[in-house]
Structure formats: structure tokens, C-alpha cells
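>>> Curious how this folds, go ahead:
(chains A, B and C)
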Amino acid sequence: MRRIISTMLLGTAIALAGASVAMAQDKTIKIGVLTDNSGLYADLGGPGSTLAAQMAIEDAGLTAKGWKIDLISADHQNKPDIGTAIARQWIDVEKVDVFMDVLNSGVALAVNNVVKEKNSILIDTGAATSDLTNAQCSPNTIHWVYDTYMLANSTGQALVKAGGDTWYFLTADYAFGHALERDTTAVVLKSGGKVIGTVKHPLNTADFSSFLLQAQASKAKIVGMANAGGDTTNTIKQAAEFGIVSGGQKLAGLLLFITDVHALGLKVAQGLNFTETFYWDLNDGTRAFSKRFSERMKNKAMPSMVQAGVYSGLLHYFKALEAMGGNPHDGAKVVAKMKEMPTDDQLFGKGTIRADGRKLHPAYLFEVKKPEESKGPWDYYKLIGTTAADQAFRPLSESVCPLVKK
Amino acid sequence: MQALYAQLLVGLINGSFYALLSLGLAVIFGMLNIINFAHGALYMMGAFVAYFLLNLGGINYWWALLLAPIIVGIFGMILERTMLQWLTGLDHLYGLLLTFGIALIVQGVFQNYFGSSGLPYAIPDQLRGGMNLGFMFLPVYRGWVVVFSLAVCLATWFLIEKTQLGAYLRAATENPTLVRAFGINVPRMITLTYGLGVGLAALAGVLSAPINQVRPLMGADLIIVVFAVVVIGGMGSIMGSIITGFALGVIEGLTKYFYPEASNTVVFVLMVLVLLVKPTGLTGRAA
Amino acid sequence: MTTLTDDTLPATPRAMRDEMIVFVVMALLLASVPFTGVYPFFVMQALCFALLACAFNLLVGYGGLLSFGHAMFLGTAGYCSAHALKVWALPPELGILVGVAAAFVLSIVTGYISIRRQGIYFSMITLALSQLLYFIYLQAPFTHGEDGIQGIPQGRMFGVLDLSKPTVLYYVVLVGFLAGFLLIVRIINSPFGEVLKSIRENEQRAISLGYRTDQYKFLAFVLSGTLAGFAGALKVFVAQNASLTDVHWTMSGEVVLMTLVGGLGTIFGPVVGAFVIIAMQQYLAGFGQWVTVIQGAIFVVCVLTFRRGVIGEIAHYFRRSL
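Numbering: from 1, shown residues only, chains lettered A, B, ... in the order given. Predicted structure coming up:
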């Protein structure tokens, strides 16, 4: 009860004195990295995301200016239940200001709701669903790195342009796969290509041979994999076995990460096309960061785009707080400030955050190198196309996000 | 029509795994009256042992085919000696619970050390490439899986149904006290049988390693399908579980062609239908 | 051969008095939670699982039928309630009703199929059926696949109780749990429960006494499934989402574990087991997959040395029925 009264008093004080003055004293920040530390996506986010957050804290230099920054992390085990339980506890008990990473779309959407309800902040760098900035957008959430719409858009457009004008889809038979297929189909058609067939496969299929035979028989130039995780890697592996790529068809991944390529090995993954928004070997800035990152990783891994996003997102968050002169512990207010300021960092370059919470930056289409082209460990990609920041993501005109004024 | 042949063949490949796994379950059930929930985890261990042999010991696929079942079989026998044998005389359900616990431990440990995304295992050089059969491109390795697992299944059937050792085994299942009276060490026989069943699972694991990623959870979902296969076939006969395994693989393959949306549910739906018509399973005796 | 639970005592007046005393103590303890500073969401979550475990225990502890697919009732009720609340915008009480009704229908269908086989076959069939449902929910559009149904409105129960207030929600969940729990105790102590126990002990004898045992088992299955569904419907309000986690086989395994730890065939065992397992998941969450290993180890230890479970051991020591 006493706390409620004091909060109310404080609230009145703030209202009376004006926000910036009253809160200038509070220079504490608590960051929570909520990720998959042990499951399917642990290599993609996991401990690497926590390291990226740690590096952002060190590089921002706020502690030298009198700020006190705490970092905690937890494993949501890819279960929305556990994710929401941790999120509530972090906000209610631990007083966490900002949630980082939160990969896995199911968990992200669940945490998104809690964060909105409790006026906290979610900077999501790992979830794929474009709903986070569309139907389920929130004034407390920024979606940093990528989303399904962008992946479909960039990969579909670039491949059709490069002559891959007939497509056959292998689609994971559930909402996520359907959305990926739908978005890519739209782009392929718009770019002048056509879709000559599609087969829906169950989630977590061990054996793709039936589906690959059908894709092979279709003679489509591009076999689009509208699936994720183990399904994608199994498809790629078995496609090599059935001679899909050597038979002249191209495999296009719609949701694939450098960690998948690493797990598959270049021998199997060569020739794959897919989109990412960050690659360690893009330019001097990315190389410098990645080298420092890799040295501190247990297995010397290079950062994934999810981990890079944690670093980049936090830096921008710190900049916004510094500009505000203190931490108001008011999620919507800080996010609004972050949207006002242009973003700029070594990893993603210059960018902006849109009203719907979408962070904009260029998207890169990569092709996986042949084993003989690779000069060393983690030298996996060649850049074959770039989509500009304002072209890559879902245009606001198609958005159903209530935050977007039309 | 050509596509249909191709799907039939592909179905046989999946059937090989179902047959090997349900055969192992049937062998164990016959002797120990336990449904081995750890079967999927031990199948996964087979694949991992093959991976370790290759990457740590430089031991190739062919030796792994022999060594992995032996290593995992010994691990299984240790489990039987240290844990399962204490359940003699208790409700069968305790066996299910115990092996479920073992499965969680094994899968959890592997997940902790190797993540979930899996490790690659290359197809052995001798079995690389494919044949053009006219109606399909058949990777040599897949043809090998069908032939080899069929041979293993038949050998197991022969061992149990047609040899002296098998006769002891079957007798010990029916009446352990009497067999003991003939001077046969029944507990040791039970241990060896468990080792054999587990070895079959590990063998299936090695066979699948080059096709799929070697993943800690590769057996977790598969085992539930195999349970349904076992319910459909009944665990009464060795030959029954072999035939049901292959047959369901083919049916699943056909479903993938005609109605792919149902391909992961078709086995369960068939199980329901069989239960409604013939509750004891196609070849089973009453439990 | 011993059955799963071999030393539950008959329902004598003394046993019923013991049960009532423990029940009142438990209810008072739970009712005081909001005043203790214990995090209420944790307790609410545990209460939902406790009810689920009690419903499961009705089937295994008193009917001798080990279902390895009880998650299907939890998840089905969860999805249906969530859909009713979010898409049809029904008030909470009707939302719960929709979920429970769905679990009721599901338990009739699955019960009709699975009750045809006994023992291990029954376990395998229930597991296979729940896996079948898992795949159906994965593909069905209304469940939103891996994303799940999110942001479910909690609403006002009976138009007055604002469930978005944690304390109000807590007491609603508590009342729901206690009601379900009392119903289960009532069933166990009823003539129906006695027949069920006699079937578990010796089915042949029960048949020869003229009982149509299949009907009793079927009814026990439906009751258990429906109550499990009630737990699932309550859980929707606590978690505010419905996801595939609740229909996955690992969830079915967790329910078995809770009941086993607390004590199969004891009245209070599943409640204790649920709190132990949920607390463990909560406090060991940082260890990631080691939680699975620990759960597996608990299974092994319980089966090998601790088959009566926590409450079962206590009851055995004091020679009481709890």
C-alpha cells in the first residue's frame, strides 16, 4: 500500500515538475535477455545474445557517465507459457526495463502482449513473424532485424530478377509456412514469375524424399523452402542426395541463418540463396565487431544477425535514454523517443524506426559459397544483391497496424 | 503412374525404420513385458555413436554399422541390470514410466552437449550417387537401407523362430520357472534380449544418420509413431511387426503423394480404425 | 503382481475426517497466498496443473488406467476457451463452459477408442491419440500454429469480477480448483469410486460380481478428461495464451511425473506433486535442458525407490489415507 501511495505521489510530482527535470536523477537501467539458451535456436541467439548485450553496455560508455546498468538473462525454452511467466516476473519483481532478443514467434507475440500491458519495452531481434509490427503492433515494441515479409520480398524479388521465374514451394503445413508461402508468391507474381506448384509437408518431417520427388518432377527453376529450422536443413541435405541442385534447380531458403549453414557444412549447403540483414564479412565495421565478438565466444562463432541486432538495438536504446537525460521507466515514452531519432551503428549502418515499430535497414541476398571458394572458417557467403531499406519491408500503405495514421 | 512407383519405393525406406524399431520393441516386450519408451532415445544414441566413431576415432560407416549396435546394446544391458530388473513382479506400467524417465535423461544430456539443430554425417563414398530407374532417381544409399534392413529383420526372425536359442527365448517368455528348471540362466537371457532389442534400435539409428541430421530429438517423435505401428500390428508375432512396419511405411508414402496434409496423421488414424474393428491389433493376441 | 497403488485404505469415516482436516488446512493456506508476498502467478499456474494432475490421478490411481495423453484435454479445452473468449468475445464463465464441453466431447470419443485395450496398450493408444490431436492443432488455422492464440481478454466474470486484477483472478482460480478438487474427492468416495477401485484390484472378480467394468472405466475416463479440460480452461485466464506446448506429449509426461512424485492414488499427492514440479521448473529455468534431465532422473528414482510418492509415504507411515 505504501508503495502505491508513493508511486502516486511520485506520479503527481512528475506531473507537476515536468518529466525531464524530475527524472534526471534516475540513471539505472536493467536489461533482460530472454532467449533460447539450450534448444533449437541456442546457437542463433542464446548465450551469444547475452554477450552482444554485454558488449553493447561496454561500448556505449554510459557507466563512465554515472549510469548503472544491470543485465540478466533467462531461457524461455521456446514455450510461450514460460516466456510470459518470466516476462511478468521480470517486470513485476526484477524491474526490468527492456527485453532483448526474444526469438521464436510464439514467445515473442506472447511477451509483446505482456510488455504492452505493463508499459515495458521489447526490442525483438529474433522473432520472424511480421505480425509484431502489423496486426499485433504495439507502442512498446520495436522489431529490429528481419521479418517474414522482408525475407519473402527480398529473396523472391532478387531471384526472379536473376532469371528464376518458375517456382515450386515446399511449405511447412501450419500458419507460419502458409504465411511465408503466401508472401513469397505475391512477390514472385509481382516480379513477373510464376508458381507452378506447391506441396505442404508436416512440421518436423524426417523424410522429405516424397516431397522432393514432386519438386523435381515439376521442373521448376526455383524450389522455395517455406519452412524453418530442422525442416529446412533436412530439406537441403536430402535435396543434395536426390540431385536437385546438381540437376539444375536452385534451392531458395526463406528462413535460414548462418548457423544453419555452419551446421550443414558448405559441401551440402553450396549454391543456396537466402536473405539476411547482417553478415560478419560485409564491411570494416562488421568485421571489427565480429572479430571482437568471436574471440569472446566459447566456440569462436561469428555473430548471427539476431545477436548483432541485440548489440545494435541496445546501442540505440542507450542513445535515446542519454538524450532524455535519465531513465523515465516508461516504455512507450522511451520507444517514442527511439522512433524520433535516426539509428546509426557499425553493424546495420544508418536507418530509421517506423511508426509501427519496424526498424528499417537494407536487406542482402546471399549465395552460399562452394567449398573451394571459402578461404577459412565462417567464410560462407557471397553477396549477390541488395534491397534498399525503404524497399525491403512491408510498405506502410499495406499495414493494418493501428499506430499507423492514414 | 511413374510417380506412384517412386512414392511406393520411398515409402519402403520409411517402412524399414518402422520395421526395425517395432521389431526391437516386440522382441523386448515378448521377453520383459516392458514397452521400451527409451527406444527412440537409444535409436538416437546409435546415430550419435556412429558420428563419434567417425569424427573422433576415424572409424567409418561400415564399422559403425557393427560397432554402434554393440556399444548401445551394452549400454542397454547395463540399464537392464541396474534398473529394469528391479521391476520384475511390479505392474508393467512402471516399466513404461522408468524407460520414459531414461529417455528424458538421455535426450536431455545430448541436447545439452550438442544443441538441438543437429550434426552432419556424410553418406559413405561407396553408397554415394544414384541410379536412374526410369521412373525415378533413386539415391543408392536409400536402396541400401531397404535391402539391408529387410535382411536384418529376416535374420532376427530366423534367430527367434527357427534356432535353438530362439526356442529357449520363446519358452522363457511362456514359462520362466520351467525354463530355469532346465538349467538355463533366465535373467541373463532377459538381459541379452534387451541388448538385442536395443541393438536393433541403434542399428536403425546408424542407418538414418546419413539421411537426417544427427539430432538429440530425432527419436522422440518417431517413437510415438512406432508405438501406433505396434498397436496396429500387435506385438504377438515377430513377423507381424516386420510386415506391419513396412506396410505402414508404404501407406504413409502413398499418403504423402495423394494427400500430403495427412501424411503425419495417417498412421494414427489407421490405428483408430484398427482398434474399432479389431481391438487386439492385426496379428496380436489379447494383452 | 502388485498394481500401481496397492495400499490405499477403504473410505472409512476416520479416513474421511482426516481428508477433511487436510483439505481445510490446504484451502486456508492457499487462500492466504496473496497476503504472503509469494508471487501469485506462480501459485495460479501450479493450481491449474494441480487440478490437471488430480483429474489424471482419478483415472490412474483409482481406475488403474495410465493415460499418456492427458495433455490433449488440457490443450483442447485451452484452445476452445481461448477461441471463444477472443474471437466470439464470450464472457469468462461461458468461455470456460465451451472449453469444458470440448474436453467432454473429446473424452467420449477418445475414451470409446482407447478403453478397448488394457495396460500398456492403453497408454500407447492415448499417447498416439494425443499426438494425432497435436498434429491437427498444428495445422488447424484457428490455433495459429506455433504462434498460438495470444492476448486473450480476461474479461469480467458474471459481469462483476474483473479478472484482469491479479487478486480477483487468484481467488477465482482458487475457487475453481477447490471445486474441482472436492468433486474428485466426492467421486472417489462414492459407490462408483469403490467399484472402480475393485476393478483396479481385480477386474475378473468385479466382472464375476456382475459389474460391467468397461462402462465404469469409460465413465472414469470421461470424468477425468472433462476435469482435465476444466484445468485447461482455467489456465487460459492465467497464461492469457493457448499454445502447442499444452498439447505436446512432454506435457502429458509432466502430468504423469507430478502425480508420481506426489503419490499415485492419493488424494492430495497430485497437488503436492504439481507444486513441486512447477516450482522446480520455475527455479531451475536457468539450467535450460538440464531441467529435462532432472525430470527424467526424478522419474527413475520414483519408480525404483519411491513408488508411493511424497504423500503416499506420509500416509503409509501414519497408516492414514490421504
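>>> contacts, neighbours, all on C-alpha from now
OK.
>>> Now do whichever strand or helix holds B:Leu97: which elements does it pack against?
Counting by DSSP states H and E, the element that carries B:Leu97 is helix B:92-114. Helix B:92-114 sits against helix B:39-57, helix C:119-139, helix C:290-305, with contacts defined as 3 or more CA pairs under 8 Å, 6 or more residues apart in numbering or on different chains; DSSP states H and E.
>>> so does the second one get close to chain B?
Yes. Under the criterion of CA under 8 Å from any CA of the partner chain, helix C:119-139 makes contact with chain B via C:119-121, C:124-125, C:127-129, C:131-132, C:135-136.
>>> Kindly report the same for the last one.
Yes. Using CA under 8 Å from any CA, helix C:290-305 comes into contact with chain B via C:290, C:292-300, C:303-304.
>>> which residues touch that helix?
Contacts with helix C:290-305, where a contact means CA atoms under 8 Å, 6 or more residues apart in numbering or on different chains, come from B:83, B:86-87, B:94, B:97-109, B:112, C:257, C:260-261, C:281, C:284-285, C:309.
>>> Repeat that for the first one.
Contact with helix B:39-57 is made by B:21, B:25, B:59-61, B:64-65, B:68-69, B:72, B:103, B:106-107, B:121, B:198, B:201-209, B:214-223, as judged by CA under 8 Å, 6+ apart.
>>> Buried residues in it, which are they?
For helix B:39-57, burial by neighbour count (16 or more other CA atoms under 10 Å in any protein chain shown) applies to B:39-54.
>>> what's the answer for the last one, then?
Counting neighbours by 16+ other CA under 10 Å, one finds that the buried residues in helix C:290-305 are C:290-304.
>>> got the angle between the helix or strand just after it and helix C:290-305?
Where DSSP H and E defines the elements, the next helix or strand beyond helix C:290-305 is helix C:309-318. Counting by axes from the mean of the first three to the mean of the last three CA atoms, to 10 degrees, helix C:309-318 lies at 30 degrees to helix C:290-305.
>>> What is the neighbour count of the residue in the stretch 101-250 of chain A positioned nearest to chain C?
Closest residue of the stretch 101-250 of chain A to chain C, CA to the nearest CA: A:Gly106 (3.7 Å). Number of residues near A:Gly106 (other CA atoms under 10 Å in any protein chain shown) recorded here: 28.
>>> Around the residue lying closest to it once chain neighbours are set aside, count how many other residues there are.
Nearest residue to A:Gly106 in three dimensions, chain neighbours excluded: C:Asp147, at 3.7 Å (CA to CA, 6 or more residues apart in numbering or on different chains). Number of residues near C:Asp147 (other CA under 10 Å) recorded here: 24.
>>> on that earlier part again, what's the closest of the helices and strands packed on helix B:92-114 to A:Ile384?
With CA to CA as the measure, helix B:39-57 is the member of the helices and strands packed on helix B:92-114 nearest A:Ile384 (34.2 Å).
>>> quick one, that closest one and helix B:92-114 angle?
Here helix B:39-57 runs at an angle of 30 degrees relative to helix B:92-114 (the same axes, to 10 degrees).
>>> gap between helix B:39-57 and the chain center?
Taking CA atoms, centre = their mean, to the nearest Å, the mean C-alpha location of helix B:39-57 is offset from the chain mean by 14 Å.
>>> do stretch C:13-24 as well
21 Å.
>>> Next, the buried residues of it.
C:16, C:19, C:23.
>>> Over to stretch A:194-208?
By neighbour count on 16+ other CA under 10 Å, the buried set for stretch A:194-208 is A:194-195, A:198-208.
>>> Which of those fall within strands?
Secondary structure from DSSP state E places A:194-195, A:198-201 of the buried residues of stretch A:194-208 in strands.
>>> which residue ranges form the strands in chain B?
For chain B, the strands defined by DSSP E occupy B:130-132, B:137-139.
>>> hey, which of the ones you listed is tucked in deepest?
strand B:137-139 (a mean of 19; mean count of other CA atoms under 10 Å in any protein chain shown).
>>> does any part of it sit near chain A?
Yes. Strand B:137-139 is in contact with chain A by CA under 8 Å from any CA, via B:137-139.
>>> Would you mind listing the outside residues contacting that strand?
The contact list for strand B:137-139 (CA under 8 Å, 6+ apart) reads A:241-242, B:128-132.
>>> can you rerun that using 6 Å?
For strand B:137-139, the surrounding residues in contact (CA atoms under 6 Å, 6 or more residues apart in numbering or on different chains) are B:129-131.
>>> buried sites along stretch A:389-400?
A:392-394, A:396, A:399.
>>> Need the max-distance pair from those.
So, the buried residues of stretch A:389-400 by CA to CA: farthest apart are A:Ala392 and A:Ser399, at 14.2 Å.
>>> phi, psi of residue 67?
In the absence of a named chain, this looks at chain A. A:Trp67 adopts backbone torsions of phi -90, psi 150, taken as degrees, to the nearest 10.
>>> Now it: closest residue in space, sequence neighbours ignored.
Residue nearest to A:Trp67 in three dimensions, not counting chain neighbours: A:Lys27, with 4.9 Å by CA to CA, 6+ apart.
>>> do B:Ala64 as well
Per CA to CA, 6+ apart, closest to B:Ala64 is B:Ala50, 5.2 Å.
>>> Chain B contacts on the stretch 1-150 of chain A?
Taking CA under 6 Å from any CA of the partner chain, the part of the stretch 1-150 of chain A that reaches chain B is made up of A:39-40.
>>> Do a quick rundown of the strands in the stretch 1-150 of chain A.
Listed in chain order, the strands of the stretch 1-150 of chain A (DSSP state E, counting those that start in this stretch) span A:28-35, A:68-75, A:98-101, A:121-124, A:141-143.
>>> angle of the second one against strand A:28-35?
Using the same axes, to 10 degrees, the interaxial angle of strand A:68-75 with respect to strand A:28-35 works out to 20 degrees.
>>> Output the below-cut-off pLDDT ranges for the stretch 51-200 of chain C.
Within the stretch 51-200 of chain C, no range satisfies pLDDT under 70.
>>> closest point of it to chain A, which residue?
In the stretch 51-200 of chain C, no residue comes nearer to chain A than C:Asp147, which is 3.7 Å away by CA to the nearest CA.
>>> And that residue, how close does it get to A:Pro139?
Per CA to CA, to the nearest Å, C:Asp147 is found 20 Å from A:Pro139.
>>> quick one: contacts for the nearest residue to A:Val188 once chain neighbours are set aside?
Excluding its sequence neighbours, the residue lying closest to A:Val188 (CA to CA, 6+ apart) is A:Gly156, at 5.5 Å. By CA under 6 Å, 6+ apart, A:Gly156 lies in contact with A:184, A:187-188.
>>> Which member of those residues exhibits the greatest number of neighbouring residues?
A:Thr184 (28 neighbours).
>>> helix, strand or coil for the closest residue to it other than its chain neighbours?
Counting by CA to CA, 6+ apart, A:Thr184 lies nearest to A:Ala152, which is 4.6 Å off, once chain neighbours are set aside. Secondary structure, DSSP: H, G, I helix; E, B strand; the rest coil: A:Ala152 is helix.
>>> Touching, A:Ala152 and A:Ala186? I think so.
No. Using CA atoms under 6 Å, A:Ala152 is not in contact with A:Ala186, being 9.0 Å away.
>>> So which of those two has more stuff around it?
Neighbour comparison, A:Ala152 and A:Ala186: the larger count goes to A:Ala152, with 29 against 17 (by other CA under 10 Å).
>>> any idea of the mean pLDDT in the helix or strand containing A:Ala217?
Using DSSP H and E, A:Ala217 maps to helix A:209-218. Mean pLDDT, helix A:209-218: 89.
>>> burial measure for the nearest residue to C:Phe192 once chain neighbours are set aside, as a count.
Closest residue in space to C:Phe192, ignoring its immediate chain neighbours: C:Tyr216 at 7.7 Å, by CA to CA, 6+ apart. Neighbourhood size, C:Tyr216 [other CA under 10 Å]: 17.
>>> separation between C:Tyr216 and C:Val195?
Separation of C:Tyr216 from C:Val195 (CA to CA): 8 Å.
>>> got it, and C:Pro153?
C:Pro153 sits at a distance of 43 Å from C:Val195 (criterion: CA to CA).
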